[in-house]
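**Q** Predicted coordinates and the sequence they were generated for:
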Amino acid sequence: MNPISGFIVISLILVMGYGIGLLNFLNDFVEDKCEMTYMFEYPQFVKISNKADKLFPKYGLYAYSEGRLTARTRSMYFDGIPVLFIPGNAGSYKQVRSLSSVALRIALNSKTPFHFDYYTIDFNDELSGLYGPVLYDQLNYVNSSIYRILELYNERKTKPTSIILVGHSMGGVIARNLLSQISNPHLISVLITQAAPLKRAPILLDYHMHMFYESNAWKASESVDTTIISISGGYSDFLIPSYLTDLQENNSLSVVTTNIPRCWVETNHIQIIWCKQLILAVNRALFDSVDLKTKQISSNSTYRKMVFQHHMTNHSGIKIRNRDNYLEMMKIDYRGQWIENILRQYSVEFLKGLKEPHWHMVRLVNLPAHEMFTEAIHLTQSSRIWPSARYKRRYFEINMNELRKNHSELTHIVFRALPTREPVVFHVDVYDSTERKITVDLPKWWYLSRQIILEKTAEKAVNYELILPQLEHIIQYYHLYLEPKDCATEHNHASASLIVPWSNQNHHKYFTNTEKGPLKVRLYSSRPLNNSHPAIIKLTLEPSCTYQISIQLSVMGRLGQLTRFYTPFLLTNVAVVVLVSLKFQLRSLQKGHCSILFTALKEGAKPYYVLPFVKIFSKIFSEEKLQNFLPKPDNVYLVEEGTDFFLLPFLLFVGSVGIVWLLAVILTISLITLESTVHRAALKLLARTVSFNMVWSDYLMSALHKVPLFVAGVLILLCFSTCGGLALLFGSSILFLEVKKKSESKETVEEKSSEESKVTDEHVEDVKTVLQKDEQDEIHEREEKTDDNKNEHKAITQIGDSDITHTEKLIVDDHKNEDVTRGDNVAKAEENKVNKRKSNSNKETKNENELENFQNNESKEHYENKPKEVNELSHCYNSIFFHTTLFFIWCIIALINVPAVLTWAHNFKFSHTLTPDDSFIPGLALSICALPLWHFDFPKTNRKWLDKLEIFVLIIAIISLIFASISVYRLNYLLSLTIIIITLHQMFAPETPDSRIETDDEDVTKTREKYEDVKTKLD
């Protein structure tokens, strides 16, 4: 049967689209503009004793210091503000260097009356992001370390009462969870997380990690007085999407690095630790959060949050400590030049700087009264530091109508420029807001050409706003082009900023004579359902140029967005596709044969078998009344995060069909080419596990390959002595070799059948040759006899060859009727001729009888042996196809438990057994099932309840999509349960009343037709 159909072609097209999206995703990042931080002196890490060291010998607490200050640190003398850095997944305690070194340099250069003492924890580079049980150990060690750090200040006069926590990746998740562990609500004053998935993990691979997020301990008490700052790196971070770092809490502030003033750069998952622009912004906020009276972090949480908002979101360029001064009326100093320009759009340039103050006035009314004024209202705090590729830029936008309405006495807005040697440029643009705000209809998904938004901008225009009410989902992706048309100067500079009102996730793009690429219009998180404010693109233009504005849909970018956000869901969908394929194979077993995986995918892996039930039951289980009894469906997470859309389940499922189809092709090729590779890999793994050399491992592998009981025993032993995941990985390699062995058995049966058929055909050809020779001799003798006796020839011809004995009798009778007067010699000669003819006739009859007997015997023997051969060959095919599907399921389970194996290997020097081991139950269950799976000839087609087993597999597939798309650890147990039930069914299910195994009718028919054809030709 052809393994390709229209459905498979569609699935392969989706896989191809996924591959294109994956390439785009891996290459779709902006130019790295992060500057490296450097240590001014040699960094030192001083070990600090901790009570928890006895319980957790693999962890350690260290203090950071540099150069000459290390002596104080070694003597355990600390008098600063304590800051504890918590590394993340596979993170090093030395990653604290950038943050602590910059803080130390700021304190020394600024000569502040306070400084920060940085501490860090060595977590032995554990994989806390992949294996949840280590999170609890790390949490307990951090909790103990906090109190140990505060003990170091007991002898100080002004000892700190709180500590600052900085957590990277999963270190931030641990710090967030720690808030519910402490009894003192003021113990942790500030918590800064860097690329930490605070909402949920991208994928939950074990039960402990799920409980770490979902338990009551995760939900911090409202009484905790901690300022939480969550920072994400943007699209350059391939591991943690920004929407997973966004906390919606009153005491928290979530921000993307592209939104942080004076930073404005993307960072990947590691760069966020050392990016100089970000490190400086964080340190500025920490230094401004210090209370100058106590020389410790301010106890006022409102003030702390205001400081971080100032440095992380809306930096006006003023010193935050002087903010109150800007709320008072200011005295006017008339020294310097006062200039009033009546134009509504103009620019003022001082390229060589200013030697005296300049005051530039902009009219609020058409005919202001020229009176001397002595006081003014400060508006500086309403300005913003704005991104620029070349210069420092401050952006100020104000509604003059609203200003006059609230302050009718005001006549001018005044800009002041103090003396400086740097270039100073003013761009003034007074306009009607309705003229510069454009609502953009985004291109439809089928429209691939550029869509012109504005053919030409207004002369000397500085500001435009593009309103995007249709930009609301994270999969949307567009390119905005800003092309200069007429420029009065050679150099031009413009910028475009995507402003996202529902989160601090703005990002920016510069347009210069050298940077001409488009702005990538995409979101870090979807717009919430309860938020009606649209996204806006704010254009800051070069007034000496006019621009054309256009937008275009990016198909490649949209594929990249799909790949970026939904790849973690493919594992479960691939598993479900394998399950529905297994369901189809179980149905075919009821007919006496097992379908090949390609046929099962083509016929049985249709989305309408599963997806309607998933949609209905997900809706039912999402009801709050059922939340107390059942876990929350994973689809609820997508709805809450705004990442769900209508076609998502269909695309994931059908794309997974293509992935499984390709994996089946790869496995088919691997069965031919990679047996030795898998064998060598298993040898190395076995040698490492049981401390054998390669020779002994080879002997052991040979024994394992031949003794299934020994194999199962070794796997069970691995579960108890190491970890269950190791047994699963080792078992997957053995199962691959088992499938390879069955494939070789099938080839042997086919060769044997082919040789027997070849021998039979040669025997038939020999008999045909003999008969043809006898027939030619007979024709030659008949021609001779015709010349001697025409009458005899005529009689023989009339009688024919049907009865040679009767022909002989007729010839004798004819001779008796001859003239008796014929001579004795003639009679004797005739008698000799008749005897010779009789001898030839007997010989012909004998040959015909031999041919008939040969054909009858050969046909009888062949048709008697054919069912046996067909059954043997059919059973080989059934076994290969059935075990191939089980191999895929086994491999998926092993893949889910790889983090447990990595954690076991990483901590092997501390313990040879992984504790706790989330992979133990699946590993032990499948190791026990390995014995009957490999020892008995499965599958058995003569078993009852195959239809019930088919329904069970379908239910498992539906449950997997509902509850295990994100919580993949549940898939671990569901697939293990599937293999257990199938094994029990094959072993203990009763036989059907008619246990006769059906033969392959098509092969039997072909064989019968072959022999009938040969027989017809011979006749």
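**A** Sure, I can see it. Residues are numbered from 1 along each chain as shown.

**Q** make it CA atoms for all contacts and neighbour counts henceforth
**A** Will do.

**Q** Tell me the secondary structure at S550.
**A** Here S550 is strand, with the state taken from DSSP: H, G, I helix; E, B strand; the rest coil.

**Q** Torsion angles phi and psi at the closest residue to it other than its chain neighbours?
**A** Closest residue to S550 apart from its sequence neighbours, by CA to CA, 6 or more residues apart in numbering: I452 at 4.3 Å. Phi and psi for I452, reported as degrees, to the nearest 10, are phi -80, psi 120.

**Q** mind listing what I452 touches?
**A** 548-551 (CA atoms under 8 Å, 6 or more residues apart in numbering).

**Q** hang on, W661 packs against T599?
**A** No. Under the criterion of CA atoms under 8 Å, W661 is not in contact with T599, lying 10.0 Å apart.

**Q** between the two, which one's more packed in?
**A** A direct count of neighbours by other CA atoms under 10 Å for W661 and T599 places W661 higher, at 23 against 19.

**Q** secondary structure class for that one?
**A** Applying three-state DSSP: W661 is helix.

**Q** just L135 next, same as before
**A** helix.

**Q** Near it, how many other residues are there?
**A** 22.

**Q** Spatially nearest residue to it, not counting backbone neighbours?
**A** Using CA to CA, 6+ apart, the closest residue to L135 is S128 (6.0 Å).

**Q** Repeat that for K632.
**A** Going by CA to CA, 6+ apart, K632 has S622 as its nearest residue, at 6.5 Å.

**Q** all helices for the stretch 251-400 of the chain, in order.
**A** 271-274, 276-288, 301-312, 400-406 (DSSP state H, counting those that start in this stretch).

**Q** Contacts for the third one next, please.
**A** Spelled out, it's helix 301-312. Taking CA under 8 Å, 6+ apart as the rule, helix 301-312 contacts 189, 225-227, 229, 251-253, 255, 259-261, 281-282, 284-285, 288-289, 298, 315-316, 320.

**Q** Quick check: buried residues in it?
**A** Burial within helix 301-312, assessed by neighbour count using 16 or more other CA atoms under 10 Å, is assigned to 301, 304-305, 307-312.

**Q** how many neighbours does the residue nearest to L729 when sequence neighbours are not counted have?
**A** Spatial nearest neighbour of L729, excluding adjacent residues (CA to CA, 6+ apart): A894 at 5.6 Å. Close neighbours of A894, defined as other CA under 10 Å, add up to 26.

**Q** these two touch, right, A894 and F730?
**A** No. Counting by CA under 8 Å, A894 stays clear of F730, with 9.1 Å between them.

**Q** any idea how far the helix or strand encompassing F85 is from the chain center?
**A** Secondary-structure assignment from DSSP states H and E places F85 in strand 81-86. Between the centre of strand 81-86 and the centre of its chain there are 34 Å (CA atoms, centre = their mean, to the nearest Å).

**Q** and after it, which helix or strand comes next?
**A** Counting by DSSP H and E, what follows strand 81-86 is helix 97-110.

**Q** by how many degrees do that next one and strand 81-86 diverge?
**A** 160 degrees (axes from the mean of the first three to the mean of the last three CA atoms, to 10 degrees).

**Q** what sits up against helix 97-110?
**A** So helix 97-110 is contacted by 37-40, 43, 64, 66, 114-118, 273-274, 279-280, 283 (CA under 8 Å, 6+ apart).

**Q** Mind giving me the PyMOL select for those, buried ones only?
**A** One line in PyMOL is enough to select the buried ones among the contacts of helix 97-110; burial here means 16+ other CA under 10 Å:
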select buried, resi 37+64+66+114+115+116+117+118+273+274+279+280+283
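
**Q** Sort out for me which of the contacts of helix 97-110 are in helices.
**A** Residues of the contacts of helix 97-110 located in helices (DSSP state H): 273-274, 279-280, 283.

**Q** Which one of the residues you listed is nearest to I921?
**A** Checking these against I921 with CA to CA, the nearest one is I273 at 38.0 Å.

**Q** Which residues are in contact with the closest one?
**A** So, once contact is read as CA under 8 Å, 6+ apart, I273 ends up touching 95-96, 98-99, 168, 194, 279.

**Q** Nearest to T884 among those residues?
**A** Nearest member of the contacts of I273 to T884, counting by CA to CA, is H168, at 42.2 Å.

**Q** Report the beta-bridge partners for that closest one.
**A** Q194 (DSSP bridges).

**Q** before we move on, the earlier item: can I get the helices of the stretch 251-400 of the chain in a markdown table including distance to Y243 and mean pLDDT?
**A** As requested, the helices of the stretch 251-400 of the chain are exported to a markdown table (distance: least, CA to CA, whole Å; pLDDT from 0 to 100):
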| stretch | distance to Y243 | mean pLDDT |
| --- | --- | --- |
| helix 271-274 | 16 | 95 |
| helix 276-288 | 19 | 96 |
| helix 301-312 | 17 | 94 |
| helix 400-406 | 36 | 86 |
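
**Q** Out of those helices, which gets nearest to Y477?
**A** helix 271-274 (24.7 Å).

**Q** Help me confirm that V173 is found in a helix?
**A** Yes. Using three-state DSSP, the assignment for V173 is a helix.

**Q** For it, give its distance to L191.
**A** 11 Å (CA to CA, to the nearest Å).

**Q** Between the two, which contacts overlap?
**A** G167.

**Q** So between the two, which is more surrounded?
**A** V173 (29 against 22).

**Q** surely the more buried one meets A196?
**A** Yes. With contact defined as CA under 8 Å, V173 counts as touching A196 (6.1 Å).

**Q** Report the set of residues contacting both of those two.
**A** Counting by CA under 8 Å, 6+ apart, the residues touching both V173 and A196 are G167.

**Q** my read is I955 is in a helix, agree?
**A** Yes. The assignment for I955 (three-state DSSP) places it in a helix.

**Q** List the buried residues for stretch 340-354?
**A** Buried-residue list, stretch 340-354, by 16+ other CA under 10 Å: 345-346, 353-354.

**Q** ok so, going back, and the contacts of helix 301-312, which of them are in strands?
**A** 189, 227, 229, 252-253, 255 (DSSP state E).

**Q** Mind picking the lowest-pLDDT entry from the residues you listed?
**A** On pLDDT alone, S252 ranks lowest of the ones in strands among the contacts of helix 301-312, at 90.

**Q** I figured that one hits S230, correct?
**A** Yes. With contacts counted by CA under 8 Å, S252 reaches S230, the gap being 7.5 Å.

**Q** more neighbours, these two?
**A** When S252 is set against S230 and neighbours are counted by other CA under 10 Å, the residue ahead is S230, at 24 against 17.

**Q** Which residues belonging to stretch 313-330 are considered buried?
**A** Result for stretch 313-330 [16+ other CA under 10 Å]: buried residues 313-317, 320.

**Q** By mean pLDDT, point me to the weakest helix or strand of the chain.
**A** Lowest mean confidence among the helices and strands of the chain (mean pLDDT, DSSP states H and E): helix 804-816, at a mean of 40.

**Q** what number of residues lie near L571?
**A** L571, neighbours per other CA under 10 Å, totals 19.

**Q** helices and strands around the helix or strand that contains it, which ones?
**A** Per DSSP H and E: L571 is located in helix 570-589. On a contact count with 3 or more CA pairs under 8 Å, 6 or more residues apart in numbering; DSSP states H and E, helix 570-589 meets helix 597-604, helix 648-673, helix 824-896, helix 946-963.

**Q** Confidence-wise, which of those is weakest overall?
**A** helix 824-896 (a mean of 62).

**Q** Can you list the buried residues in the helix or strand just after it?
**A** If you walk from helix 824-896 toward the C-terminus, the next helix or strand you reach (DSSP H and E) is helix 898-906. Neighbour counts over helix 898-906 (16+ other CA under 10 Å) mark 898-905 as buried.
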